[in-house]
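Q: Need the 3D shape of this:
(2 chains)
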Amino acid sequence: MEVISSVRPPLVTGGKTVADVTEDICMQVEAKPSRSWMMGMAISLTALAVGFYALIILLWEGIGMWGLNKTVGWAWDITNFVWWVGIGHAGTLISAILLLFRQKWRMSINRAAEAMTIFAVLCALMFPGFHMGRLWLGFYWALPLPNTFGSLWVNFNSPLLWDVFAISTYFIVSLVFWYIGLIPDFATIRDRATHKISRIIYGALSFGWDGGARTWQRYESVALILAGLATPLVLSVHTIVSFDFATSVIPGWHTTIFPPYFVAGAIFSGFAMVMTLMLVARHVMGLKDYITVYHIEMMNIIIIVTGSIVGIAYLTEYFIAWYSGVPAEQYAFYNRATGPYWWAYWIMMTCNVVSPQLFWFKQIRTSVIASFVLSIVVNIGMWFERFVIIVTSLHRDYLPSSWAMFYPTFYDVGVFLFSLGFFFTCFLLFAKFFPVVNMAEMKSILKATVSDKKTLK
Amino acid sequence: MMERNKNFIIGVYSDPDQVKNAAKAIIKSGIRIHEVYTPFPIHGIEDVLGYKKTRLPIVAFLFGVTGTFLALFMQVWMLGIDWPMIIGGKDHIALPAFIPVTFELTVLLSALGMVGTFMVISDLKPYKKLRLMDIRITDDKHVIAIDIAANSMRVKDIQSVLKDSGADEINEKNFE
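A: Predicted coordinates:
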């Protein structure tokens, strides 16, 4: 059998030259903020302000302001935490794993996806922090610092402490990786800057980058090794997040499938968030030649693969619950689908398992509007996944007398709103002041991949 | 370090492949190239210029190993020696439970150590005085810089070699 592989579609359309790349990307930084940017900022800041009010009351009064009770001791806070960490994973997957696999289409989206990672991880870090009640003592509770209780050290046997190390390492390494990539692009903005203040700021940010071949050689080596380090790191982070549940003795939580299932779910939700953000950025910032329909299709393929892995994991959990013969385990899963929280379960199933299957149709996975809608659907579904795992496993524990329901209060919603406002404010600031596409990487592939074809709409 | 190199002749090119061929031709004619400045990495130019492979991977490995041992030492000392406690019926030194933190600190030290070393050896710092051969090298031009003092050849001859190699422009650059 003879197979002729098709020519890959060009990654940049519109016949762009190297100078065009500089112009198109830097223009965003140099121009006055657009109207849509101002509107986005106004909405984000409003969410941030309302959320901030809720947060202040929460810190003042304590976490009794949340709807938690004796039975459901973890609810929205940890749901939000896992949701945000999961979203963060796509950035590292795109920039590190796709770099190792030499997938060049990553170059249009990796910068923005890494920024998303950093802001999402910051949002995630808020929730365990606030859940401690007294955030200002958190350093002593969470880090191995000498203290006056002994020193009574932190418990290194606890997955919660592993999480502290995993998430903070992940945050630091992602930040470094992102910043290393930004240095040459900051230098480009520096050399175009006309205003004295922006020249000084971008000059400092660019660390005196002069583009020498020896520096580039080291730079590429550093980027490759950071990718090699970040790849097992990103897999370890969500594995450890899943250990928070999997190493417990709660029916519905202590399943060995959790680590791979959580990692797949994280990439799934992260790609959906990248899709949402990039489709907006592509439209508002006029990046249609850099983020083409081919990029959208590639991302949708990853969404369908990871979404299907998540779907299989859901079914496997049911099989194992039945096969284990443990009544408590079986009840937890029966209750999940048919108990008082059945609606959350079926939202999760529909959004995460059924809806991504639509991407099997080429027309849907190459449609901008369908991709946008489905990306939001997936993110809603993934939020509900964490809610289902956490709340439905807890709310009916071993003693029927302690069965309870969880009702969110204004402060549950408010702190979530705060994190959303924080995320979008940061992302909008990034989109305004930082180069949203990695110009240096983009330029290096331009010669091989540019097409004169008209901008695809 | 570079204070003595004050006068350069620079050839400006627009195409990355052309730069590589030009660098080859210039070296062949016996001229020493100071450095090539480009807006993006050109693969293979380090071989043309005779640069050795960077040893940063070794640095990363050594920092990583340091991280592994520091993390293990910290956990064993804190929970096994300084203040032993029985947690969940496990041994004081429960090695399997120490692996996640050990892994994270290995990655952390390796990444930070390597990037820090890169910054130091490449002299990247926020307050650095900028010495750019040509302002367009962060946009779309490539520059081959030749230090006049490091070559015995006459300036005119160097310029004609650069011209033959296909340079768009030939300029002189003097640093104060």
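Q: make it CA atoms for all contacts and neighbour counts henceforth
A: OK.
Q: quick check: longest helix of chain B.
A: helix B:95-121 (DSSP state H).
Q: Next, see if that one gets close to chain A.
A: Yes. Residues of helix B:95-121 contacting chain A under C-alpha under 8 Å from any C-alpha of the partner chain: B:97-98, B:100-101, B:104-105, B:107-108, B:111-112, B:114-115, B:118.
Q: Return the closest of those with respect to B:Phe73.
A: B:Phe98 (10.2 Å; C-alpha to C-alpha).
Q: What separation is there between the residue nearest to the spatial centre of chain B and B:Phe175?
A: Centroid-nearest residue in chain B, with C-alpha atoms, centre = their mean: B:Ser122, separated by 5.3 Å. Taking C-alpha to C-alpha, to the nearest Å as the measure, B:Ser122 falls 19 Å from B:Phe175.
Q: who touches residue 172 in this structure?
A: Looking at chain A here, since you left the chain open. B:Leu108 (C-alpha atoms under 8 Å, 6 or more residues apart in numbering or on different chains).
Q: Can you look at chain B instead?
A: With C-alpha under 8 Å, 6+ apart, B:Glu172 has these contacts: B:7-10.
Q: how does it look with 6 Å?
A: For B:Glu172, the contacting residues are B:8-10, by C-alpha atoms under 6 Å, 6 or more residues apart in numbering or on different chains.
Q: so which of these also contact chain A?
A: Taking C-alpha under 6 Å from any C-alpha of the partner chain as the test, chain A is in contact with none of the contacts of B:Glu172.
Q: Any chance of a markdown table for those residues, columns neighbour count and pLDDT?
A: As requested, the contacts of B:Glu172 are exported to a markdown table (neighbours: other C-alpha atoms under 10 Å in any protein chain shown; pLDDT from 0 to 100):
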| residue | neighbour count | pLDDT |
| --- | --- | --- |
| B:Phe8 | 21 | 84 |
| B:Ile9 | 23 | 83 |
| B:Ile10 | 28 | 85 |
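Q: and these as TSV, adding secondary structure?
A: Shown next, in TSV, are the contacts of B:Glu172 (DSSP: H, G, I helix; E, B strand; the rest coil):
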residue	secondary structure
B:Phe8	strand
B:Ile9	strand
B:Ile10	strand
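Q: For chain A, state which of those is nearest.
A: B:Ile10 (13.2 Å; C-alpha to the nearest C-alpha).
Q: Pull the distance from stretch A:260-269 to the chain's centre.
A: With C-alpha atoms, centre = their mean, to the nearest Å as the basis, stretch A:260-269 stands 11 Å off its chain's centre.
Q: Could you do stretch A:118-129 as well?
A: 11 Å.
Q: Tell me where chain B is predicted with low confidence.
A: Chain B contains residues with pLDDT under 70 at B:1-5, B:176.
Q: domains of it?
A: Following the assignment in automatic domain parsing, chain B carries domains at B:7-53+B:132-174, B:56-121.
Q: returning to what we had before: the longest helix of chain B packs against which elements?
A: helix A:159-192, helix B:56-75 (3 or more C-alpha pairs under 6 Å, 6 or more residues apart in numbering or on different chains; DSSP states H and E).
Q: sorry, back to before: in what element of secondary structure is the closest residue to the residue nearest to the centre of chain B other than its chain neighbours found?
A: Once flanking residues are discounted, B:Ser122 sits nearest to A:Thr215: 6.1 Å by C-alpha to C-alpha, 6 or more residues apart in numbering or on different chains. According to DSSP states H and E, A:Thr215 maps onto helix A:213-246.
Q: near chain B at all, whichever helix or strand comes after that helix?
A: Following helix A:213-246 in sequence order, the next helix or strand is helix A:258-284 (DSSP H and E). No. Applying C-alpha under 6 Å from any C-alpha, one finds helix A:258-284 out of contact with chain B, separated by at least 13.3 Å.
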